[in-house]
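[1] Quick one, structure for this:
(one chain, ligands or ions: 2)
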Amino acid sequence: MNKKRILTGDNATGKLHIGHLVGSLENRVKLQQEYETFIIIADMHSFAYPKYVDKPEIVSESILQVTIGNLAAGLDPEKTHFFPESAIPEIYELAIILSMLTPHNRALRNPTIKEEIKEKGMGDNYSLGFINFPNLQAADILCVQADLVPVGEDQLPHIELTKELARKFNNTYGKTFKEPEALVGEVRRLVGTDGNTKMSKSLGNTIYLDESPEALKEKVMHMYTDPNRIHPTDPGKVEGNPVFIYHDTFNPNKEEVSDLKERYTKGTVGDVEVKEKLVSALDTYIAPIRERYTYYENHIDEVKNILEEGVITTKKEAKATLELAKERMQLPKY
Ligand code: ATP
Ligand code: MG
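    Ligands and ions are numbered 1, 2, ... in the order given. Okay, here's the model as predicted:
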């Protein structure tokens, strides 16, 4: 029997961070034995953001960085198909088809689209391509007939739309697409180092997967904590405090964490000690990932080969899906 499929991926908008790890990468790694896994590096999606539309060099470099990030997190290149979105034009064709089934109002109401316009300070300066972002994502997913999509919480509205479009297409033209399910990671949305509710490549509040020990220390020591706590003797707030959220997520020494929490609440521990312990926990957590990251950075040809092979496999699948969809729509074949 054929294995079930995963399609997931990342924008080509910079390097991957620890939010990706707990939101989606850890699930990808866990499930790669059980599912045939397709990882898309969404380079075309990246041009949907005003910040990157005139930065092709960043998008281009990010394709390699994002692939390396996935490999460093533990995805097995022997089993996983990695591909840049732009290498599969069938996806664009399918996105146009799907856009015929997407109510215009529904596209404008998408909560993640609305949130990103605000969070990323787009004002009125967003493109039609940005509003069409979820449709293009639906085409990414449906073109390989994915069963499961491991994502962070912010992506749930897009997966919901994908399911709806698959159902609508099937009902209108005949059974063509699988209806995929979303799978959210253990941490649905990791906060940023600045206290923003989401760590995000585009917001500059990240800890990267290959962060050097020095940069890691610098970032953690400058992290946002309880803004009302001025002196180490002031009772502090643990709940919602990003430093403690990271301790809960990345520090396996639960005793240490609960001791720090207790003393922080009472005002008997300084921020410096709490942060130094976090630096040490995070460093241990990312050390093996950083090591694999460095390996692939020094073996870029290997990374390019992995992408080339992934494109060949994905193209075959996408072509077959698109052909079927067009046949169902009774479009002529010339
Ligand atoms: P951008 O700011 O360019 O949108 P991003 O940091 O949001 O970048 P994406 O490439 O959009 O990263 O997201 C890739 C995957 O990682 C998605 O499934 C997304 O939900 C997940 N993800 C991103 N940031 C977080 C986070 N802070 N916590 C949990 N999951 C996250
Ligand atoms: Mg994002």
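[2] The nearest residue in space to Y208 that is not next to it in sequence - how many residues pack around it?
    Excluding the flanking residues, the one nearest Y208 by C-beta to C-beta, 6 or more residues apart in numbering is K15, at 4.9 Å. Glycine gets a C-beta too; all of them are placed from N, C-alpha and C. For K15, the count of nearby residues is 19 (other C-beta atoms under 10 Å).
[3] For K15, list the residues it contacts.
    Going by C-beta atoms under 8 Å, 6 or more residues apart in numbering, K15 touches S62, Q65, V66, G69, K201, T206, Y208, L209, D210.
[4] any idea where the helices of the stretch 1-150 of the chain begin and end?
    18-20, 26-31, 43-46, 50-53, 56-73, 90-99, 104-109, 111-119, 128-131, 133-143 (DSSP state H, counting those that start in this stretch).
[5] Next, format those as a markdown table and append mean neighbour count.
    Shown next, in a markdown table, are the helices of the stretch 1-150 of the chain (neighbours: other C-beta atoms under 10 Å):
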| stretch | mean neighbour count |
| --- | --- |
| helix 18-20 | 25 |
| helix 26-31 | 18 |
| helix 43-46 | 25 |
| helix 50-53 | 16 |
| helix 56-73 | 21 |
| helix 90-99 | 20 |
| helix 104-109 | 11 |
| helix 111-119 | 15 |
| helix 128-131 | 15 |
| helix 133-143 | 27 |
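[6] Those helices: which one's closest to T197?
    helix 111-119 (8.7 Å; C-beta to C-beta).
[7] where along the chain do the strands fall?
    5-11, 36-42, 80-84, 148-151, 181-184 (DSSP state E).
[8] would you turn those strands into JSON lines with mean neighbour count, distance to ligand 1 and mean pLDDT?
    Compiled in JSON lines, the strands of the chain are given as follows (neighbours: other C-beta atoms under 10 Å; distance: least, C-beta to the nearest ligand atom, whole Å; pLDDT from 0 to 100):
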{"stretch": "strand 5-11", "mean neighbour count": "24", "distance to ligand 1": "4", "mean pLDDT": "97"}
{"stretch": "strand 36-42", "mean neighbour count": "25", "distance to ligand 1": "7", "mean pLDDT": "98"}
{"stretch": "strand 80-84", "mean neighbour count": "24", "distance to ligand 1": "13", "mean pLDDT": "98"}
{"stretch": "strand 148-151", "mean neighbour count": "24", "distance to ligand 1": "3", "mean pLDDT": "96"}
{"stretch": "strand 181-184", "mean neighbour count": "17", "distance to ligand 1": "8", "mean pLDDT": "96"}
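[9] Between the contacts of K15, which sits nearest T265?
    For the contacts of K15, the nearest to T265 is T206 (28.1 Å; C-beta to C-beta).
[10] Alright, I will stop here.
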